[in-house]
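Undergrad: Turn this into a structure:
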Amino acid sequence: MTKTKLALFAALVATGFLAICSRVPEFEEVRDGADSVHMRGPLTPYQSSDILDRLKRENPDSDILTRHLVIEEAVAGNPLSPGNKITLLQDGEATFNAIFRAVREARDHINLEFFIFEAIEHRGEKIVDQLVAKQGSGVQVNVIYDSIGSEATLGEVFDRLRDAGAKVHEFNPVIPFTNAKPKFNNPNLRDHRKILVVDGRLAITGGINISSVYSASGGGSSPGRNKDKTKSDKPPAKWRDTDLLVEGPAVADFQGVFLEVWQTETGEAAPERNYFPKLAPKGDEVIRIIASGPDTKPPPFYITLLSAIRTAEERIWIANAYFAQTDQEVEDLTAAAKRGVDVRLILQGDSDSPIVRHIAHSHYTTLLEAGIRIYELQDAILHSKTIVIDNVWSVVGSSNIDTRSVLFNTEVDTVILGRDTARQMEENFTTDMAQSTEIVLAEWRNRPFADKLKEFFSRFTSRWM
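TA: The predicted structure follows:
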């Protein structure tokens, strides 16, 4: 076993012990109005009713989009970003087309922050070649990659970027004290974000890593999970995932998220460039960028998600790869279904992480009994992290619905308030639903006892997942 592998093993063992000491916060109803909701927790039924009653008095003709805008702003505690254009990117082909084009056209700087960064090739172009060439032409390249997520990437890839003049930072190294500004962190803390910002004018974000599993010739292995599977003659599995291309004022928020991590992690500012050009409106979508991490208390995306679930009026459609949900998420989803909201989940059928699938399965009976419809995607490995609520409120991001995303990971999620994006998200959801198998409660209750046993024991690992 190599030194890196030994260090990784030791880090993962330490992770288990450190995770035991962590717990997801529980939020109780506080009947003191909604002005400081964002400092306390998600909206309670009392608080959301208070906000909506005020809105009804002030604007009796308000529609469902307006109601969600008001609720989101109350949760956020700060103004949202209007005037943005959103382009949905479905799967690796569309995302890599957009990434390579954006890098090719860069004129000032390229900022990348990815859980997995591999030396991928797409349509005859190699990402490292592109970045090296851009740095050589005077475009500043800044890269943050996660130590565990990118563990399989050879060090010479990053050395080549550094030799060309690019700035490269390894997030929370498996082997501590290897960065210029060394420090030791809890090895459980990972940078799970996927962000590309080019010239401060466009951002690409979502669930897709810079990984070969998304290419036509990808190996079908997991991004950061189960890399050493036994080889078989089975063709590589297709990966189903979603990204966004964002243009407009919200790009400045993505830039701020990247530069804050860079400053915090390296102890110094990024090389001087025009990171914040003036941005004119590009579209009609209202956006909120949610940067989460172990130091952000209470966890902002978790608060936003619970609030959106609790205030949903018509439907909640979720497609999520690693569904190891908290007890509060289960309670809020089942409560929504019981009050008549159409709650549907698309989860992994073919999974790259069997233990997470067992954890999800351990909740199926409760969810199904509440009237929630569950589908498992077939003939593809689901990696998306998307939600659409009430035809107007959508999320594309890096957070899974699991404890790890709440407690340990550095994540970024994009809330979009607008009908156009929601409509496209629902169309994609419907397409995925048609390629999925619905789980029927009567049949589920009769699943093999061995499966039930796996589900029972998987619960003991849920806070690590």
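Undergrad: Show the end-to-end separation of stretch 107-122, please.
TA: Chord length of stretch 107-122, first to last residue, is 21 Å (C-alpha to C-alpha, to the nearest Å).
Undergrad: Would you mind listing the buried residues in it?
TA: Buried positions in stretch 107-122, judged by neighbour count with 16 or more other C-beta atoms under 10 Å: 109-122. Bear in mind the C-beta positions are built from the backbone N, C-alpha and C, glycine included.
Undergrad: Run through the strands of the stretch 351-465 of the chain in chain order.
TA: Assigned strands in the stretch 351-465 of the chain, in chain order: 373-377, 381-382, 385-389, 393-397, 411-417, 436-438 (criterion: DSSP state E, counting those that start in this stretch).
Undergrad: Next step: the buried residues of stretch 107-122 restricted to strands.
TA: In strands, judged by DSSP state E, the following of those are found: 109-114, 121-122.
Undergrad: residues in contact with the spatially most central residue of the chain?
TA: Geometric centre of the chain, nearest residue: Ser398, 1.1 Å, by C-alpha atoms, centre = their mean. Going by C-beta atoms under 8 Å, 6 or more residues apart in numbering, Ser398 touches 115, 192-194, 205-207, 385, 405, 409, 411-413.
Undergrad: at 10 Å instead, please
TA: 114-115, 191-195, 205-209, 292, 301, 385, 405, 409-414 (C-beta atoms under 10 Å, 6 or more residues apart in numbering).
Undergrad: next one: Lys282
TA: Shown in contact with Lys282 (C-beta under 10 Å, 6+ apart): 83-86, 201-202, 246-251.
Undergrad: 8 Å - rerun?
TA: 83-85, 247-248.
Undergrad: Local confidence estimate at Phe457?
TA: What the model reports for Phe457 is a pLDDT of 66.
Undergrad: Of the contacts of Lys282, which is the most crowded?
TA: Among the contacts of Lys282, Asn84 has the most neighbours (other C-beta atoms under 10 Å), with 27 neighbours.
Undergrad: Residues in a beta bridge with that one, which ones?
TA: Beta bridges link Asn84 to Glu285 when assigned by DSSP bridges.
Undergrad: shouldn't Arg315 be in contact with Asp390?
TA: Yes. Counting by C-beta atoms under 8 Å, Arg315 touches Asp390, with 6.2 Å between them.
Undergrad: Those two: which has the busier surroundings?
TA: Remark: of Arg315 and Asp390, Asp390 carries more neighbours, 21 against 15, as counted by other C-beta under 10 Å.
Undergrad: pLDDT score for the more buried one?
TA: In this model, Asp390 is scored at 95, pLDDT.
Undergrad: okay, now Arg339: neighbour count?
TA: Neighbour count of Arg339, defined by other C-beta under 10 Å: 11.
Undergrad: residue contacts, it?
TA: Taking C-beta under 8 Å, 6+ apart, we find Arg339 in contact with no residue.
Undergrad: where's it relative to Arg273, distance?
TA: From Arg339 across to Arg273, the span is 50 Å (C-beta to C-beta, to the nearest Å).
Undergrad: Dump the buried residues of stretch 107-122 to TSV, plus distance to Arg357 and pLDDT.
TA: Below are those laid out as TSV (distance: C-beta to C-beta, whole Å; pLDDT from 0 to 100):
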residue	distance to Arg357	pLDDT
His109	40	98
Ile110	36	98
Asn111	34	98
Leu112	30	98
Glu113	28	98
Phe114	25	98
Phe115	20	98
Ile116	21	97
Phe117	26	98
Glu118	25	97
Ala119	30	96
Ile120	27	96
Glu121	31	95
His122	30	95
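Undergrad: tell me which of those is nearest to Val343?
TA: The closest of the buried residues of stretch 107-122 to Val343 turns out to be Phe115 (C-beta to C-beta; 28.7 Å).
Undergrad: Isn't that closest one up against His192?
TA: Yes. Counting by C-beta under 8 Å, Phe115 touches His192, with 4.8 Å between them.
Undergrad: Now do the shared contacts for those two.
TA: Common neighbours of Phe115 and His192 (criterion: C-beta under 8 Å, 6+ apart): 146, 149, 398.
Undergrad: And the pLDDT at the last one?
TA: To tie it back to what came earlier, the one meant is Ser398. For Ser398, the predicted pLDDT is 97.
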